[in-house]
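Novice: I would like the atomic coordinates for the input below:
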Amino acid sequence: MLLFYILVFIASCFLFYYLSRGFLIDALIRIAKYLKWREFVVAFFILAIGTTLPNFFVGIFSALKHCPQLSFGEVLSGNVFDLTIAVALASFFAKGGIPAQSNVIQTTSFFTLGAALLPLFLISDGQLSQSDGFLLILFFIVYFSWLFKKEDRYKKIYDHEVEFLGIKGFFKECFKIFVGIILLLGAAKGVVSSAIFFAKFFNLPISLIGILIVGLGNALPETYFAVISAKKNENWMILGDLMGSVITPSTLVLGTVALISPINVSFLGLFKVARIFLVISVILFFIFARTEKKIGKKEGMILFAFYLLFVLFEIKYVFF
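Specialist: Next comes the predicted model:
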């Protein structure tokens, strides 16, 4: 039985990885170019939301199975991973560092800070209630409204780079996205089921499974894309993808989960460590992105070391 669930978990994570950076994402990019969106907006709303679909489906299934703490732990861990390891690895490959000069990126860094910290503030009483969930979703809507309020924030003419889809091609890409979402639903169910089995089998808190395993598995796609973008010198997409991968789960995903099933946690328990490290990691990221308006290799080394420290503290808290 243990081997079966290990295989289920590995297969589900692989499916997340394949769909998030395979034909599903390719289809989303073609649609974005068809709509003539800017690269940062493409990365934020198309790539980031595409890779957030696993978080969303894991959250929905965990809420329906009355264990929404799994989703909360997974989002916390994913945010720490995205703001440290993912940014660090991308900075190692990006020539001249990861640029953050544009006004849209600078303003989005404020929204990223707020989105990462808001759930921690709302759950400080031990529960992320339905009203808290509504506030989180409202935060996402506010950012969405700000970004699309002025055309120059999201519009771009791609010229020769545009793939001519036509209306037939547009609906073909939409169908690919629909198929991908159906497959993601199956993969999400596999992750939640295997995570619950692991927690029971090893007599571990399900929160630890969400923090160290599910969160890591779901954060790998955006990390992979950030590194590939850096290698191809497409640095304009890195922060859009990673910021979106923090803002969307922290607001839209957790907000939706809380509306379905309020999240009850105790900060005297396992979440205390993840909470502290998330606060520090988001502040470090915010400072690095705004000081020299780029994130270089030196900042990347600091973020990389910080994540390793986070893992050591989590393990020490549980086992020692």
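
Novice: For the rest of this, base every contact and every neighbour count on C-alpha atoms.
Specialist: Fine.

Novice: Off-centre distance for the strand or helix carrying residue 275?
Specialist: Element membership for residue 275 (DSSP states H and E) is helix 271-291. Relative to its chain's centre, helix 271-291 lies at 15 Å (Cα atoms, centre = their mean, to the nearest Å).

Novice: outside of that helix, which residues touch it?
Specialist: Residues outside helix 271-291 that contact it (Cα atoms under 8 Å, 6 or more residues apart in numbering) are 73, 76-77, 79-80, 83-84, 100, 106, 109-110, 113, 116-117, 120, 207, 211, 265, 294-295, 299, 303, 306, 310, 313-314, 317.

Novice: Of those, which count as buried by neighbour count?
Specialist: 73, 76-77, 79-80, 83-84, 100, 106, 109, 113, 116-117, 120, 207, 211, 265, 294-295, 299, 303, 306, 310, 314 (16 or more other Cα atoms under 10 Å).

Novice: Can you get me a residue count around residue 298?
Specialist: Residue 298 has 12 neighbours, counted by other Cα atoms under 10 Å.

Novice: nope, residue 151 is what I was after
Specialist: 11.

Novice: What separation do you get for it and residue 36?
Specialist: Distance, residue 151 to residue 36, using Cα to Cα, to the nearest Å: 11 Å.

Novice: got it, and residue 153?
Specialist: Taken as Cα to Cα, the span from residue 153 to residue 36 is 12 Å.

Novice: got it, and residue 63?
Specialist: 36 Å.

Novice: tell me the contacts of residue 45?
Specialist: Counting by Cα under 8 Å, 6+ apart, residue 45 has contacts residue 244.

Novice: quick one: pLDDT of it?
Specialist: We have a pLDDT of 78 for residue 45.

Novice: pretty sure residue 140 is touching residue 248, no?
Specialist: Yes: here residue 140 reaches residue 248: they are 7.1 Å apart, a contact under Cα atoms under 8 Å.

Novice: Pick out whichever of the two has more residues nearby.
Specialist: residue 248 (29 against 21).

Novice: returning to that earlier point: mind checking which of the buried ones among the contacts of helix 271-291 are in strands?
Specialist: Counted as lying in strands by DSSP state E, out of those, are 294-295.

Novice: Among the buried ones among the contacts of helix 271-291, name the ones in helices.
Specialist: Applying DSSP state H to these, the entries found in helices are 73, 76-77, 79-80, 106, 109, 113, 116-117, 120, 207, 299, 303, 306, 310, 314.

Novice: what residues are up against residue 227?
Specialist: Counting by Cα under 8 Å, 6+ apart, the residues that residue 227 touches are 86, 89-90, 93.
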